[in-house]
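K.L.:
let me see the structure of the following:
(chains A and B)
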Protein chains: 2
Amino acid sequence: MVKINKNYLKLQENYLFSTIAKKVSDFQKINPDKKVIKLGIGDVTLPIIPVVVKAMKQAVEEMGEKETFKGYGPEQGYDFLREKIVEWDYQKRGIPMEKEEIFVSDGAKCDTGNFQELLDINNTVAITDPVYPVYLDSNVMAGRTGGFNRETQKFDRVVYMPVTEKNGFVPELPKEKVDLIYLCLPNNPTGTVLSKEKLKKWVDYAKEKEALILFDAAYEAFITEENIPHSIYEIEGAKEVAIEFKSFSKTAGFTGVRCAYTVVPKEIQMGGVSLNTLWNRRQCTKFNGVPYITQRGAEAIYTEEGQKQIKENIEYYRENAKIIREGLEKAGYTVFGGINAPYIWLKVPEQLTSWEFFDKLLEEKNIVGTPGSGFGPSGEGYFRLTAFGSRESTIEAMQRLK
Amino acid sequence: MVKINKNYLKLQENYLFSTIAKKVSDFQKINPDKKVIKLGIGDVTLPIIPVVVKAMKQAVEEMGEKETFKGYGPEQGYDFLREKIVEWDYQKRGIPMEKEEIFVSDGAKCDTGNFQELLDINNTVAITDPVYPVYLDSNVMAGRTGGFNRETQKFDRVVYMPVTEKNGFVPELPKEKVDLIYLCLPNNPTGTVLSKEKLKKWVDYAKEKEALILFDAAYEAFITEENIPHSIYEIEGAKEVAIEFKSFSKTAGFTGVRCAYTVVPKEIQMGGVSLNTLWNRRQCTKFNGVPYITQRGAEAIYTEEGQKQIKENIEYYRENAKIIREGLEKAGYTVFGGINAPYIWLKVPEQLTSWEFFDKLLEEKNIVGTPGSGFGPSGEGYFRLTAFGSRESTIEAMQRLK
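P.N.:
From the prediction side, this is the model:
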């Protein structure tokens, strides 16, 4: 008799953003006349930039002609894109990188979710709390987390590293023995960052403990301040202990286009086995590469004109973040993030839980945000708003909150 | 100290098609003047059909305009595509289907590789031998197969169901207790099919044993004969015991476009848990949907004009299959498949192994095929050629083989 993977039954609820989508859709069914402003899921609203549109249209045409048609591409991504990534995202920042270390994929969500497959089931996982739910959920599914404790709202075998107002949202190095450390910087959902000096402590710690850092840098394009690393490989020694996940979703508005990449340095060896080789094997077996059309679109970003166009979009979202920060502060809220990140993290009024605040905001102000507790138990009492809305709706949301 | 998933070390060699690609590339480096004809990997050569090109170009334009831009889509696929699949691929064949049972993905390779995640590690896996390597490899990685026995060339815990000339390439129902049964029909690599009556035995067997059938129908568009099911759901009761994987790769030349779908019927319950719900949770957590542009392309196939255009392409490949079959027979080979499938399965001359024949064919005739042993131990002594080449190169290959 076939049996299911029982680890799935340990998952606590529906995927956070599906739950929110359902709540919003139910609300709209009952209140079809209300104009709901969505600042919940981190989805962009500006269209794809012109250089990408042009490149993708041309790629579609190529696919329609016998002479230029492309069938299966390399599972790791086309060289034309891997080479541009190496040059623009690493070599220009003085970071040595080879194209064989870059694996193009259809999303950082997929890669951060799948990467744990390469690692033993008995490794101990450390995550910041709160954090993007995929790191935890994918480890729950794999059976790496133990059971769920209803009282603490935590999984038994996971090391939670709280990031709250108390510690300025800077996680402490774990005292427990940990093997896999997920870091998301700039952080989703808190919007906070670590300086080079602070991030170096994590790299040194990982080297000392022989741990692996899974570094999600999906929001690096939003960094404005100096001395904040855009890549973990700006830190000496990081190529021996860290995998880096990057995405075009927020950088270039690719949430619906689907392109990202993961860096697996050749330096990372475990008992004589190269993680780069293992990930390559995984991708060749379970993945068939990103569409040619998409990769030509991503390539177009790596031009002077492409960089100019995406920077304009990011500036637009940054201005939204500023409007939200200032609007919330004026309305009397305590606010974090929103400077080096597209996320604004606010404290909810004391008598409410995060989900109660979600419901109240949806019902009374018709604004959708994300409850902090959805990102982990230490997120309780906080709430996330995103800067990815349109300018008009962002301004209107702040007017409604006044 | 972080440890790797040791199951990866049980994998026997590189992914089959990567090994072939490397051999061919090495040969071409030494022999840049030789014109190599590739009938190895099952990759199509005809361009994307005009209705798809038109739909995708329009979708790219929509992505470039604020009013029509699409961000994150549903992880399960857009309704516009799921509804077309239900109507054209199922309802038109008299098979009841709901759109919530259809999960659009970026490839049947990914889905056939990932689906086992939902199932317990102690389930026993049965595969036909030979077969498409992804079923076995993904189960090796997950730790479901036991160790590899060098003598038998088999994994200890896997039930191999030989399909050879002896049994007419029709697998026997396993005598051992099995839980997961992978069937690929029309078969890759042998090109054989099962009649409705024969497939019904498998469905009945799965019901009786409470096993799950993972049915890969990626090549159904190549079926020419009557009474051969295009979907396992043509068999009564199959919706209670079978998952079906379908792909646009071969049907519509989408190998480089990347779109497929998996059917997870709501009827399949295991201990009160719905597999449809679990797969939905898996996809929502580890996948972010197929690009909007791609889905609009796939949608365009489901029109009268789209069907006409893809049928022309399939006819072209069918004619290639005929040319290969007849060419090989004339050259004195024993040949199977190639009637309801794009694959031709031939017996290699007696004194050679499959890989020796591969090398000989590459070196002497500059033709690339796929060694049968790459698909499993019972594939030794056989060799696969595909009908996806161009007409000219297919004809030339047969002339070289005369």
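K.L.:
got the confidence number for A:Lys402?
P.N.:
Note for A:Lys402: predicted pLDDT of 87.
K.L.:
that should have said A:Tyr15, apologies.
P.N.:
68.
K.L.:
list the contacts for A:Glu83?
P.N.:
Neighbouring residues of A:Glu83 by Cβ atoms under 8 Å, 6 or more residues apart in numbering or on different chains: A:Lys99. In this view, the C-beta of every residue, glycine as well, is placed from N, C-alpha and C.
K.L.:
any idea how far the strand or helix carrying it is from the middle of the chain?
P.N.:
Of the helices and strands defined by DSSP states H and E, A:Glu83 is found in helix A:79-85. Helix A:79-85 sits 22 Å away from the centroid of its parent chain (Cα atoms, centre = their mean, to the nearest Å).
K.L.:
which element follows that helix toward the C-terminus?
P.N.:
Heading C-terminal from helix A:79-85 (DSSP H and E), you reach strand A:102-105.
K.L.:
neighbouring strands for that following strand, and are they parallel or not?
P.N.:
Sheet pairing of strand A:102-105 (DSSP bridges) gives strand A:260-263 (antiparallel).
K.L.:
how far off centre is the helix or strand encompassing A:Arg384?
P.N.:
Assigned by DSSP H and E, A:Arg384 belongs to strand A:382-386. Centroid separation for strand A:382-386 versus its chain: 15 Å, with Cα atoms, centre = their mean.
K.L.:
over to stretch A:1-20?
P.N.:
For stretch A:1-20, the distance to the chain centre is 21 Å (Cα atoms, centre = their mean).
K.L.:
quote the end-to-end distance of that stretch.
P.N.:
36 Å (Cα to Cα, to the nearest Å).
K.L.:
cool, and stretch A:209-229?
P.N.:
From start residue to end residue, stretch A:209-229 stretches across 23 Å - Cα to Cα.
K.L.:
next one: stretch A:149-159
P.N.:
End-to-end distance for stretch A:149-159: 13 Å, by Cα to Cα.
K.L.:
in it, what's buried?
P.N.:
Buried residues in stretch A:149-159, counted by 16 or more other Cβ atoms under 10 Å in any protein chain shown: A:Lys154, A:Phe155, A:Val158, A:Val159.
K.L.:
looking at those residues, spot the one nearest chain B.
P.N.:
Top of the list for closeness to chain B, among these and by Cβ to the nearest Cβ, is A:Val159 at 13.4 Å.
K.L.:
report the contact partners of the closest one.
P.N.:
Contacts of A:Val159 (Cβ under 8 Å, 6+ apart): A:Thr124, A:Val125, A:Ala126, A:Ile127, A:Pro174, A:Glu176, A:Val178.
K.L.:
cool, and A:Phe248?
P.N.:
By Cβ under 8 Å, 6+ apart, the neighbours of A:Phe248 are A:Phe254, A:Val257, A:Cys259, A:Ala260, A:Ala298, A:Ile301.
K.L.:
does the nearest residue to A:Thr19 once chain neighbours are set aside belong to a helix, a strand or coil?
P.N.:
Setting aside the residues directly before and after it, A:Thr19 is nearest to A:Glu13 in space (Cβ to Cβ, 6 or more residues apart in numbering or on different chains), at 6.4 Å. In three-state terms, and counting by DSSP: H, G, I helix; E, B strand; the rest coil, A:Glu13 is coil.
K.L.:
in chain A, where's the longest helix?
P.N.:
The longest helix of chain A (DSSP state H) is helix A:304-330.
K.L.:
per-residue confidence averaged over that helix?
P.N.:
The average pLDDT for helix A:304-330 rounds to 97.
K.L.:
same question, stretch A:353-367
P.N.:
The average of the pLDDT scores along stretch A:353-367 is 96.
K.L.:
helix, strand or coil for the one residue sitting closest to the centre of chain A?
P.N.:
Compute the mean C-alpha point of chain A, and by Cα atoms, centre = their mean the closest residue is A:Ala218, 4.7 Å away. With three-state DSSP as the basis, A:Ala218 sits in coil.
K.L.:
just list the residues touching it, thanks.
P.N.:
A:Ala108, A:Cys184, A:Asn188, A:Phe245, A:Lys246, A:Ser247, A:Ser249, A:Lys250, A:Ala260.
K.L.:
how about a cut-off of 10 Å?
P.N.:
Contact analysis of A:Ala218 by Cβ atoms under 10 Å, 6 or more residues apart in numbering or on different chains lists A:42, A:107-109, A:112, A:132, A:184-186, A:188, A:245-251, A:260.
K.L.:
quick one: which of these sit in helices?
P.N.:
Mapping these onto helices (DSSP H) picks out A:Ala108, A:Lys109, A:Thr112, A:Phe248, A:Ser249, A:Lys250, A:Thr251.
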